[in-house]
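Coordinates for the following, if possible.
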Amino acid sequence: MTERTELKRDEEKPLLSHIAELAMRLRRGLISLFLAFIIFFAFGYTTININGYTIPILYPSLFHSLADSLILFFIHHELPKGMKLLNLNPFDPLYASAYTSFY
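Numbers count the residues shown, from 1 in each chain. Sure, this is the predicted structure:
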């Protein structure tokens with residue numbers, strides 16, 4: 001390392017610069033979380049064939065989104081045989097999709 005970067009590293013920064021850096025990191029984290037939520041909640045996937053190759057692509061779909069596909073996978077593979085899943089509230093599927101999109 002050069003002497004100049006050593007001096008810059010050893011300097012103490014004021015409190016406001018630490019708070020500004022924290023705000024910038026929080027902003028980046030929230031924006032990336034929001035983008036991931038939008039992708040998993042509002043987009044589904046389909047396949048197209050180009051020159052014999054099957055390529056999956058994203059397309060806008062609220063009712064067949066990536067989160068819904070994951071929920072259906074869990075229902076068909078983790079729910080014991082002979083049991084049915086009941087929706088007690090009309091918004092339960094939408095809430096489950098949003099909850100899955102965040103995780």
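
Return the residues in contact with the residue most central in space within the chain.
The residue lying closest to the centre of the chain (CA atoms, centre = their mean) is residue 36, at 3.0 Å. Residues in contact with residue 36 (CB atoms under 8 Å, 6 or more residues apart in numbering) are residue 101. From N, CA and C alone the C-beta is placed, and that goes for glycine too.

ok, now residue 69?
Residues in contact with residue 69 (CB under 8 Å, 6+ apart) are 44, 45.

list the buried ones in the helix or strand where it lies?
According to DSSP states H and E, residue 69 maps onto helix 66-78. By 16 or more other CB atoms under 10 Å, the buried positions in helix 66-78 come out as 66, 67, 68, 70, 71.

Any chance of these in a markdown table with pLDDT and distance to residue 90 as columns?
Shown next, in a markdown table, are the buried residues of helix 66-78 (pLDDT from 0 to 100; distance: CB to CB, whole Å):
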| residue | pLDDT | distance to residue 90 |
| --- | --- | --- |
| 66 | 90 | 22 |
| 67 | 88 | 18 |
| 68 | 88 | 16 |
| 70 | 87 | 21 |
| 71 | 85 | 16 |
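
Now for these: which two are most distant?
Pairwise distances across those (CB to CB) peak at 9.9 Å, for the pair 66 and 71.

residue ranges with poor pLDDT in the chain?
1-10 (pLDDT under 70).

if you set the cut-off to 80 instead, what comes out?
Within the chain, the ranges that satisfy pLDDT under 80 run 1-13, 85-87, 93-95, 103.
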